[in-house]
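*Asks:* Here is a sequence with its predicted model. Questions after.
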Amino acid sequence: MLHLPQLAWKRLTVCSLYLPPNSPVSKLSLAELFEQLPKPFLVLGDFNAHSPAWGDSRRDGRARMLEEFIADIDLIILNSGEQTFVQSAYHSTSAIDLAVASPSIAAECSWAAHSDLCGSDHFPIFFKLSSNFSSNVKTSFNFKKADWNRFGDLCKLSLDDSVADIEQFTSKLLDVARSSIPSHKGTKNKTCVPRNVGGLFRKGKRLK
């Protein structure tokens, strides 16, 4: 389900995508699709790909390709890490549904999986878009040029037991990111917060 506030004249492209599990998918075919989408856009659907980047316990070949593609065109993963699919035969869950967004709207989006399957083998996904949504371009981090050693060192200094709540954690993490990860050129000064900020923290932990 997708909840949109009153956006007046502002435009948002929403694309629902299904990638069959046994059909080959290439970066080129995805690029051809995404190039047709007016920005800003939200793409969501069953990608049939497993990756810890969006909550799964393993990573498969398709997910590796998708991770590279997402990084190449500077999209933001919206998934919170919740499981999205139940394989009844094995009584197991996985995360194969994915949502990505343009950097300019990612900070205004929220993603959540329903706790009830509602008769399906996929959990319904709820999206909300803040009424603060603006079509203006915001700054996004250029992770390809990140200084991860500096990021790890700053995480050790800034993120400790004294961080009391999520707002303080997010603020400190963004300060660390701004000091170690450059922004893309030609964008506004308002920073777009990645939805998977926990991933940044885990990256810093691994570098300790």
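*Replies:* Looks like it came in fine. Numbers count the residues shown, from 1 in each chain.

*Asks:* Please make it C-alpha for all contacts and neighbour counts, starting now.
*Replies:* Fine.

*Asks:* Could you report the neighbour count for Lys156?
*Replies:* 15 (other C-alpha atoms under 10 Å).

*Asks:* Look at it and tell me its secondary structure.
*Replies:* Under the three-state scheme (DSSP: H, G, I helix; E, B strand; the rest coil), Lys156 adopts helix.

*Asks:* any idea where the strands of the protein begin and end?
*Replies:* For the chain, the strands defined by DSSP state E cover 2-3, 13-18, 41-46, 76-77, 85-87, 92-94, 97-101, 109-113, 125-129.

*Asks:* Can you name the residues that contact the spatially most distant residue from the centre of the chain?
*Replies:* Here the chain reaches farthest from its C-alpha mean at Ala89, the gap being 29.4 Å by C-alpha atoms, centre = their mean. Under the criterion of C-alpha atoms under 8 Å, 6 or more residues apart in numbering, the contact list for Ala89 is empty.

*Asks:* swap in the one 3 residues further on?
*Replies:* For Ser92, the contacting residues are Val86, taking C-alpha under 8 Å, 6+ apart as the criterion.

*Asks:* Where does the record place the domain boundaries for the protein?
*Replies:* Using automatic domain parsing, the domains assigned to the chain come out as 2-129, 143-206.

*Asks:* Now tabulate the strands of the chain in TSV and tack on mean pLDDT.
*Replies:* Putting those into TSV (pLDDT from 0 to 100) gives the following:
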stretch	mean pLDDT
strand 2-3	49
strand 13-18	93
strand 41-46	94
strand 76-77	92
strand 85-87	89
strand 92-94	90
strand 97-101	94
strand 109-113	89
strand 125-129	86
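
*Asks:* which one of those strands lies closest to Ser26?
*Replies:* Proximity to Ser26 (C-alpha to C-alpha) singles out strand 13-18 among these, at 14.0 Å.

*Asks:* May I have the strands that pair with that closest one, each with its orientation?
*Replies:* Strand 13-18 has the following sheet partners, assigned by DSSP bridges: strand 41-46 (parallel).

*Asks:* Now find how far off-centre the partner strand is within its chain.
*Replies:* 11 Å (C-alpha atoms, centre = their mean, to the nearest Å).

*Asks:* now what about it, what contacts it?
*Replies:* Residues outside strand 41-46 that contact it (C-alpha under 8 Å, 6+ apart): 12-19, 96-102.

*Asks:* Can you name the residues bridging to Phe126?
*Replies:* For Phe126, the beta-bridge partners under DSSP bridges are Ala112.
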